[in-house]
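Undergrad: 3D model of this:
(chains A, B, C and D)
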Number of protein chains: 2
Amino acid sequence: MLDDRKLAVLRAIVEDYVSTNEPVGSKNLVDRHNLDVSPATIRNDMAVLEDLGFIVQPHTSAGRIPTDKGYRLFVDRLSGIKPFTSAERRAIETFLAGAYDLDEVVMRTVRLLAQLTRQVAVVQYPSLTRSGIRHLELVPLTDSRILLVLITDTGRVEQRSVELPGPAGEDSVAHLRAVLNAYLDGRKLTEVASVIAELPDRIEPAERANAAAVFSVILESLVERHEERIVVGGAANLASADFAKGLHDVLEALEEQVVLMRLLGESGDEASVTVRIGAENPVEGLQSTSLVAAGYGSGEQALARLGVLGPTRMDYPTAMGAVRAVARYVGQILAGA
Amino acid sequence: MLDDRKLAVLRAIVEDYVSTNEPVGSKNLVDRHNLDVSPATIRNDMAVLEDLGFIVQPHTSAGRIPTDKGYRLFVDRLSGIKPFTSAERRAIETFLAGAYDLDEVVMRTVRLLAQLTRQVAVVQYPSLTRSGIRHLELVPLTDSRILLVLITDTGRVEQRSVELPGPAGEDSVAHLRAVLNAYLDGRKLTEVASVIAELPDRIEPAERANAAAVFSVILESLVERHEERIVVGGAANLASADFAKGLHDVLEALEEQVVLMRLLGESGDEASVTVRIGAENPVEGLQSTSLVAAGYGSGEQALARLGVLGPTRMDYPTAMGAVRAVARYVGQILAGA
DNA sequence: ATTGGCACTCTGGACCCCGGAGTGCCAGGG
DNA sequence: CCCTGGCACTCCGGGGTCCAGAGTGCCAAT
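TA: Residues are numbered from 1 along each chain as shown, chains lettered A, B, ... in the order given. Purely as a prediction, here's the structure:
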């Protein structure tokens, strides 16, 4: 059914279409690639490929363009990942090095990816779940309001202001801070829930209400929320692509954190590079785009994901190479920092 | 030279062109607005307005469209600011209320502005300069690296990791923390520089090198840096506008913090609404856009700026109304929080 | 100063036409 | 059985032409 030549034809079609953005016909195909058969033969192959749904012609008697299914086959069996040269790797390293805090790393990563691939880059902040608590700080803002600052051993700082049910003096805040730090310091975030459950006994009854408010904020916003913020960059690259109509929808989707979550989140948890093509995409409005993503993390397991988004007509091997390389190096940077 | 009717004509041209996006001719003009003169008269007026550079015709025998200069006159003398109804105001309030931390306020503000005006919204984080220090926290990350966390009395948290010249034990960090808090707590950021200058005397000579590193980071990243991050939203609205060609440049400019700084920064420091039209704009690539901006702040003086960016063909009165109203309420929210 | 009339100009859409590229099919040959 | 050259067919897209409509500037008259 799908002999080697037909696969070669499909590969050639994808490659040509990606680079020229024009439907590709049998004649051009035999010219550019050295398939040593006649155009007529290619036409027969193309007819088969079309029957199987890998390519379509926009109109009768035009060349063929790949379908989502065609790209899928290309990515799965035909393309491989374009490895980066050592020069490119070094460029990545130096670009990412010299970033001090996490924000800086994430920002640089997003820029880097966007530049390398000339697509839109999306980078998710590393998950907190595997971090431990280094320090908890409570700062009174008003009578009944305090700022809760949590510092993790991965150097991450999370803040949240807490509305207390009742007023709290300097001393009661100090007491609460001491208790929290005594019991939570050094704990993994995954353990926090159970530790907090035991805490109320250690608190003066008079202060339990306020303490409870603080506890619930810790749990709710720092532990249970494992979805993490996603940063987008390189949106300008969308304009160069031909999107024309859908552009508005794409831009809109890119501004919705929730949508981005779904986009990256449902894209498998594996650390390896995954590709989601066109309609495979769960997000409405992004169904004519493809996502190339990978997990990254400081240790073995992936902490978060990053990737690039572009038209389905995309240079997958290069994009995959870039994503893989960047994911790897971000992991290293994070581990070292 | 510019009698009342000519001004009325200019106003009408601007209004019509903004709403229809088509060059406006004398006939249509007298129909839609009730100028009780004949089209021929209007034509004479238009000829004068064109000589003065307020309007142009795209080609011979087409209608007129306003020039930047025309919009300028319109904004300065003809339009006024469209006030918001109380219903709209309440909508703004409820939308902004319920935002706890600063990030949340800024994000909501950006969304709100974008939605109200259907343009791109830009919001600058409030400057730290007028805040005081509530608390300084130092957290050891590695032997020679600590995380510096600064909490202001406006509930803002700034973090920065510091590479120390030499190793620092738990106790020396603790000491440094104590000293810093003793001398800096409650100080305004504006005073910090002078306070820090005196500090080295209070530090053990052995630790001076490390302390100096921390000081310089505080000064450099928290005090001297009064430029503040700018957040962009509603970029999707650009796609609806007709930009066509320049869209890429605009999107690119919007991703450059530095460019945004210049855009907002040079737009005057007054708290009132200011408008920058087309080529008046210092930023290359944004010269076919207009910016409507205003300062906002919790107190009297403006802490930062926010605004909307759109095509010069923009509904200025509405945009100005929205910007003014939002700036006002953000100020209130910030003051209350 | 305003107006109606008039001749002029230009754009944009409709229409048509044709070349080029591409196809599918078929019959013949390895 | 697969490949190939040939052939008739289809369709898009660019270029040319044409016309109506909208708009203008000017001028003489009020």
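Undergrad: buried sites along the longest helix seen in chain A?
TA: For chain A, the longest helix by residue count, based on DSSP state H, is helix A:316-336. Buried residues in helix A:316-336, defined by neighbour count with 16 or more other CB atoms under 10 Å in any protein chain shown: A:316-331, A:333-334. The way it works is simple: take the backbone N, C-alpha and C, and place the C-beta from them, glycine included.
Undergrad: what is the burial count for A:Ser131?
TA: Neighbour count for A:Ser131, taken as other CB atoms under 10 Å in any protein chain shown: 21.
Undergrad: quick one, helices of chain A?
TA: Applying DSSP H to chain A gives helices spanning A:4-20, A:26-32, A:39-51, A:68-73, A:86-96, A:102-117, A:170-184, A:189-198, A:208-217, A:236-240, A:247-255, A:257-265, A:316-336.
Undergrad: helices or strands next to the last one in the packing?
TA: Spelled out, that is helix A:316-336. Contact here means 3 or more CB pairs under 8 Å, 6 or more residues apart in numbering or on different chains; DSSP states H and E; on that basis helix A:316-336 packs against helix A:86-96, helix A:102-117, strand A:289-296, strand A:304-311.
Undergrad: what angle do the longest one and helix A:86-96 make?
TA: Angle between the axes of helix A:102-117 and helix A:86-96 is 150 degrees (criterion: axes from the mean of the first three to the mean of the last three CA atoms, to 10 degrees).
Undergrad: now find how far off-centre helix A:102-117 is within its chain.
TA: Relative to the chain's own centre, helix A:102-117 is displaced by 12 Å; criterion: CA atoms, centre = their mean, to the nearest Å.
Undergrad: which residues are contacting that helix?
TA: The contact list for helix A:102-117 (CB atoms under 8 Å, 6 or more residues apart in numbering or on different chains) reads A:92, A:95-96, A:99, A:119-123, A:125-126, A:154-156, A:231-234, A:237, A:306-308, A:310, A:315, A:318-319, A:322-323, A:326, A:330, A:333-334, A:337.
Undergrad: cool, and the last one?
TA: Outside of strand A:304-311, the residues within contact range by CB under 8 Å, 6+ apart are A:109, A:113-114, A:117, A:119-127, A:228, A:237, A:241-243, A:254, A:263-265, A:267, A:286, A:288-297, A:319, A:322-323, A:326-327, A:330.
Undergrad: what sits against A:Glu22?
TA: Going by CB under 8 Å, 6+ apart, A:Glu22 touches A:Gly63.
Undergrad: quick check on the residue nearest to A:Thr190 when sequence neighbours are not counted: phi, psi?
TA: With sequence-adjacent residues excluded and distances taken as CB to CB, 6 or more residues apart in numbering or on different chains, A:Thr190 is closest to A:Thr129, at 6.2 Å. When read as degrees, to the nearest 10, the backbone of A:Thr129 gives phi -50, psi -30.
Undergrad: for burial, what's the neighbour tally of A:Arg130?
TA: Around A:Arg130 there are 16 residues (other CB under 10 Å).
Undergrad: show me what A:Val231 bridges to in the sheet.
TA: Here A:Val231 sits in beta bridges with A:Val123, as judged by DSSP bridges.
Undergrad: pull the longest strand from chain A.
TA: Determined from DSSP state E, the single longest strand within chain A is strand A:133-142.
Undergrad: is chain B contacted by that strand?
TA: Yes - residues of strand A:133-142 contacting chain B under CB under 8 Å from any CB of the partner chain: A:134-135, A:137, A:139, A:141.
Undergrad: okay, buried residues for that strand please.
TA: The neighbour-count check on strand A:133-142 (16+ other CB under 10 Å) flags A:133-141 as buried.
Undergrad: before we move on, back to that, do you know how far the residue nearest to A:Thr190 is from A:Thr154?
TA: Distance from A:Thr129 to A:Thr154, counting by CB to CB, to the nearest Å: 11 Å.
Undergrad: just A:His59 next, same as before
TA: As judged by CB to CB, A:His59 and A:Thr154 stand 55 Å apart.
Undergrad: who in chain A is up against DNA strand C?
TA: A:23-28, A:39-40, A:43, A:46-47, A:50, A:57, A:61-64 (CB under 7 Å from any atom of the strand).
Undergrad: one more pass at 10 Å, please.
TA: Chain A has residues A:13, A:16, A:20, A:22-29, A:31, A:38-51, A:55, A:57, A:59-64 near DNA strand C, with proximity defined as CB under 10 Å from any atom of the strand.
Undergrad: ramachandran angles for whatever residue of chain A ends up closest to DNA strand C?
TA: Closest contact between chain A and DNA strand C, by CB to the nearest atom of the strand, is at A:Gly25 (2.5 Å). With angles defined as degrees, to the nearest 10, A:Gly25 sits at phi -110, psi 170.
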